Every structure is written in structure tokens, then in C-alpha cells.
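Trainee: Provided below are the primary sequence and the corresponding predicted coordinates.
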Amino acid sequence: AQKVTQTQTSISVMEKTTVTMDCVYETQDSSYFLFWYKQTASGEIVFLIRQDSYKKENATVGHYSLNFQKPKSSIGLIITATQIEDSAVYFCAMREVITGNTGKLIFGLGTTLQVQP
Amino acid sequence: GGIITQTPKFLIGQEGQKLTLKCQQNFNHDTMYWYRQDSGKGLRLIYYSITENDLQKGDLSEGYDASREKKSSFSLTVTSAQKNEMAVFLCASSIEGTGGGGNTLYFGEGSRLIVV
């Protein structure tokens, strides 16, 4: 069965620093898709960034980037120049194939990030 | 852009009662999902639907029914509410296919179930 593990329950950093959140996954699929989502204090869950396993380049969107280490089944999220509003819960997720082109996401338990002024 | 609207935001019911949550999306996405979020347990899939009138059970479907009568809407029914079911229920949708934005989920704001 596929599994996503986030070992860091919570992280606290100072504003304007860089933070890395860890995520490891288990899959038998040769091609797969990895995602990071952010859940704000209001409960809203927002898609941040995605890595397709067949792509060698690490995905980057704004001040979010990924550290994709395929041999280690690892997909870390890096946030540079953190801001107070980055304080949230961050979920790592992996697409599990249901049939053909249809998939569902398997989520990790989340990492709470607190950015201090 | 599109939006996913969940109603109601808070659903209060009595133990044993049948309660329904509704979800509407205007992305024109094929697939819709219901996830349950309990504190400290991440998100777990209850039901999903890959097209109108299709229903598929997720990992947590026991005690729930779902209905997808239109492409744009997906409802979830708690068949007999229990106090240990108090959680946040999240609706999501995605387009199909693995290219482009395929399988990227977009979420509603959540509905909190309170059982008294």
C-alpha cells in the first residue's frame, strides 16, 4: 500500500529564514505525482506545488521549491525568505492510481510551521 | 479560476440523525472527492466520483452515503451521526489525466460536523 510520512510534527523559524519540511513516501508505481498543500488557520487548503516523478528538475513556484530525491523516496518542501503569513499546516501528498487516468491523493499527517517575527 | 462551495459551514445534529453535506464546483472538473479531517490524523478519503452518477468508496466509507446527480455537485450523507464523528469534512475536485494540472486537487473551505 502507498504511504506518505511527515516526521516533523511542528517547526518554528524566524521570519526571513529558509525552512525545509521533510516527506518520505512509499509506492510501487513507476510513475507518480507528489504534491504539497498548505492549510491556513481558517481551514482553507491550498495547492502549492507539484513534482512529477519522471522530471529530474526540482519544481519551483515563487518562494516554494522542492528537493526531490527519488532514490530516497523523499520530497522535501523548501520555503525561502519565510513570512509570518507562511505560518500554517503543510501537507505532503502522493497520487495513488485508481484506474487508468483516475487517481486519489494519499496525505501525510502534516507539519505545523510557525514563523516568528 | 473556479471555486468550490461547501454548505453548510457548520452542521449540528443529534446522535443517530441523518445529516447531509453539499458541495458545488464551477471548475467543470470530472472528479470530486469527500475527505474527512480529524485532529492529528490528516485527511482520509470517504467517497469519490469520477463522473456524474458515479460513486466509488474510499478508505472510510462505512457510515456514509454519497450522491453525484450532476457534474457540478457532490453530496455526502452521514447515515447515523455519532459523537466520535465530529470532524471537518472537505470536498475537493480535480480534472483527470496525468498531464498538466491533472489530479491536482482543489478544496472547499470545509464543513464542521458537531454531534450533540
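Mentor: Great, that's in hand. Residues are numbered from 1 along each chain as shown, chains lettered A, B, ... in the order given.
Trainee: ok, the residue nearest in space to the middle of chain B - contacts?
Mentor: The centre of chain B sits closest to residue B:34, judged by CA atoms, centre = their mean, with a distance of 2.4 Å. Listed by CB atoms under 8 Å, 6 or more residues apart in numbering or on different chains, the contact set of residue B:34 reads B:21, B:23, B:45-48, B:58, B:64, B:66, B:74, B:76, B:89-91. Where you see a C-beta, it was placed from the backbone N, CA and C, and this is true even at glycine.
Trainee: can you tell me which helix or strand it belongs to?
Mentor: In this structure, residue B:34 sits in strand B:31-37 according to DSSP states H and E.
Trainee: that strand pairs with which strands?
Mentor: Using DSSP bridges, strand B:31-37 pairs in its sheet with strand B:43-49 (antiparallel), strand B:88-94 (antiparallel).
Trainee: comparing those, which comes out most buried?
Mentor: Stretch with highest mean neighbour count among the strands paired with strand B:31-37: strand B:88-94 (a mean of 25; mean count of other CB atoms under 10 Å in any protein chain shown).
Trainee: next one: that strand to chain centre, how far?
Mentor: Taking CA atoms, centre = their mean, to the nearest Å, the mean C-alpha location of strand B:88-94 is offset from the chain mean by 5 Å.
Trainee: before we move on, what about stretch B:13-20?
Mentor: Taking CA atoms, centre = their mean, the mean C-alpha location of stretch B:13-20 is offset from the chain mean by 16 Å.
Trainee: same check, this time on stretch A:106-113
Mentor: On CA atoms, centre = their mean, the centre of stretch A:106-113 falls 8 Å from that of its chain.
Trainee: what does stretch B:39-48 give?
Mentor: 10 Å.
Trainee: picking that back up, what about the residue nearest to the centre of chain B, distance to chain A?
Mentor: 11 Å (CB to the nearest CB, to the nearest Å).
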